[in-house]
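> Predicted structure and sequence below. I'll ask about it afterward.
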Amino acid sequence: MKLIFVGPPGGGKGTQARLLQARRAIPQIATGDILREAIAQDTALGRDARRSMEAGELVPDAVMIAIVEERLRRSDGHEGFVLDGFPRTVPQAEALEETLNRMQRRIDRVVDFQIREEILIRRLSGRRVCQVGGHIYHLAYQPPREAGLCDIDHSPLYQRDDDRPEAIRRRMEVYQVETLPVLDFYQARSVYAALDAEGEVEEVYDRLLAVVNRR
Ligand code: AP5
């Protein structure tokens, strides 16, 4: 399965991609996670990306395209992958199509996570993330067993810098302007599928499986 998840900030893309990775062994390629790791390691990429990310702006297309091309060439993406957070501009979608054509691969499904804005804001303001493995929690909806600590690797949980209200607002605007046209791009290629991303995590997961398994 070669899948792309497109959806607004807080839509649940990361949560669902991690479930597919754990339960179906489909590797998650999450561009936001790759950038956050680069920031944590203080690499040149991380230093360049930090300001854009904190402000809720996109990192330049050329940088993102190079990162994803490199990841797709690695063997773990050979059988399948979930691209989570890429492409999020039309130039990124065009570049991905060219890369996959060269590799003689094609996308099976582009899943459009649909969810109302008031729910997104509640999800983003309560999100907490584990420092070591990026495991995702929510203070009310998916709390860790022990407050402030990851269930899996016991590292402290933190709030993302871009989950502050001003950055959330900007990310929503950027999504409307830059990323919604990506859905039109895939609708024209018949791989598009809408997903109702509201409701409990397991309910959304069941709907997701139905969408990706549909012939
Ligand atoms: P990125 O990390 O990709 O952020 P995003 O797309 O804004 O998405 P989020 O991670 O905020 O949300 P999500 O949909 O994964 O939701 P989650 O599952 O965590 O990108 C961050 C930044 O990096 C960008 O702003 C940009 O600067 C840069 N960047 C990345 N890719 C780029 C690209 N291709 N080009 C340019 N720049 C790029 O869930 C959210 C919360 O809700 C969690 O707390 C979770 O526990 C909870 N939750 C999830 N599902 C449910 C549910 N069903 N019910 C209740 N709670 C739920």
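That came through, no problem. Numbers count the residues shown, from 1 in each chain.
> helices or strands up against the one helix or strand Glu118 maps to?
Here Glu118 sits within helix 117-125, counting by DSSP states H and E. On a contact count with 3 or more C-beta pairs under 8 Å, 6 or more residues apart in numbering; DSSP states H and E, helix 117-125 meets helix 165-174. Quick note: C-beta positions are derived from backbone N, CA and C, even for glycine.
> From the contact counts, what lies against the helix or strand following the helix it packs on?
Per DSSP H and E, the first helix or strand lying C-terminal to helix 165-174 is helix 180-187. Contacts defined by 3+ C-beta pairs under 8 Å, 6+ apart place helix 180-187 against strand 2-6, helix 90-102, strand 109-114.
> At the contact with the ligand, which residues of the chain appear?
7, 9-15, 31-32, 35, 52-53, 56-59, 64, 85-86, 88, 92, 123, 126-127, 136-138, 141-142, 162, 171, 199-201, 204 (C-beta under 6 Å from any ligand atom).
> just the buried members of the residues you listed?
By neighbour count, with 16 or more other C-beta atoms under 10 Å, these hold 7, 9-15, 31-32, 35, 53, 56-59, 64, 85-86, 88, 92, 123, 126-127, 136-138, 142, 162, 171, 204 as buried.
> Right, and the ligand sits closest to which residue of the protein?
The chain approaches the ligand most closely through Gly32 (1.9 Å), counting by C-beta to the nearest ligand atom.
> and the helix or strand harbouring that residue with helix 90-102, angle?
Secondary-structure element containing Gly32, defined by DSSP H and E: helix 31-40. Compare the direction of helix 31-40 with that of helix 90-102 by axes from the mean of the first three to the mean of the last three C-alpha atoms, to 10 degrees and you get 100 degrees.
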